[in-house]
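**Student:** coords please:
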Amino acid sequence: MKLFKLTLIAAVALCTGIVIGGFLFSRTIPRSFLTVHQCEDCFKTKEIAGLLASLGIQNLGGALPKVIYETDKTLVFDIQYPYPPDKIHYLVAPKRDIKNVDQLTEEDRGYIDEAYIVMGKIVRDNHYAKYRVITNGPGYQEVAYLHFHLVIDRD
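**Tutor:** Presented below is the predicted three-dimensional model:
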């Protein structure tokens with residue numbers, strides 16, 4: 001009887017894990033380490049970081065640390081610029097799992113448009129005069145998730 005209860009509990013836990021995992025991964029794009037038969041970049045740090053970023057941005061939203069602004073399609077983080085301290089640095093991330101620019105589709109248009117509209121609002125609301133919008137491709141990304149850096153000079 002005890003073995004039956006343990007087996008039942010294990011089966012329920014497994015099914016619950018599958019359902020929760022299915023929900024969490026339902027809006028992410030297939031990542032190379034998830035399709036093991038096409039395993040060129042399996043378990044690379046950038047791929048894992050991109051998958052975790054996707055899960056966090058899509059499912060946790062404003063509950064993530066340093067989020068200063070959120071819309072239905074975009075999150076904005078206030079982060080420390082890693083180089084000169086005389087910069088203000090915002091990270092703007094669409095709430096859609098896009099690894100990089102070469103994977104953009106027509107369905108992504110609203111998310112990219114929204115990201116630029118949000119950056120425009122930040123610039124206007126704060127009267128920033130000198131700024132850059134930067135994004136990186138696969139050879140330069142530290143995280144395989146399309147995002148934008150709004151970098152402002154403090155003048």
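**Student:** What count of nearby residues applies to residue 79?
**Tutor:** Neighbour count of residue 79, defined by other C-beta atoms under 10 Å: 14. C-beta coordinates here come from the backbone N, C-alpha and C atoms, glycine included.
**Student:** for it, what are its contacts?
**Tutor:** Residue 79 makes contact with 66, 89, 90, 91, according to C-beta atoms under 8 Å, 6 or more residues apart in numbering.
**Student:** Beta-bridge partners for it, please?
**Tutor:** residue 89 (DSSP bridges).
**Student:** For residue 151, state which of the contacts of residue 79 is nearest.
**Tutor:** Of all those, residue 151 sits closest to residue 89, with 5.4 Å by C-beta to C-beta.
**Student:** what's around that closest one, how many residues?
**Tutor:** Neighbours of residue 89 under the rule other C-beta under 10 Å: 16.
**Student:** Just confirm residue 6 is within a helix.
**Tutor:** Yes. Counting by DSSP: H, G, I helix; E, B strand; the rest coil, one finds residue 6 located in a helix.
**Student:** wouldn't residue 91 be in contact with residue 74 here?
**Tutor:** No. Assessed by C-beta atoms under 8 Å, residue 91 is found out of contact with residue 74, at 10.9 Å.
**Student:** Could you check which of the two has the larger neighbour count?
**Tutor:** Remark: of residue 91 and residue 74, residue 74 carries more neighbours, 23 against 17, as counted by other C-beta under 10 Å.
**Student:** Kindly confirm my reading that residue 132 forms part of a strand.
**Tutor:** Yes. Residue 132 sits within a strand when classified using three-state DSSP.
**Student:** Model confidence score at residue 67, please.
**Tutor:** Residue 67 is assigned 79 on the pLDDT scale.
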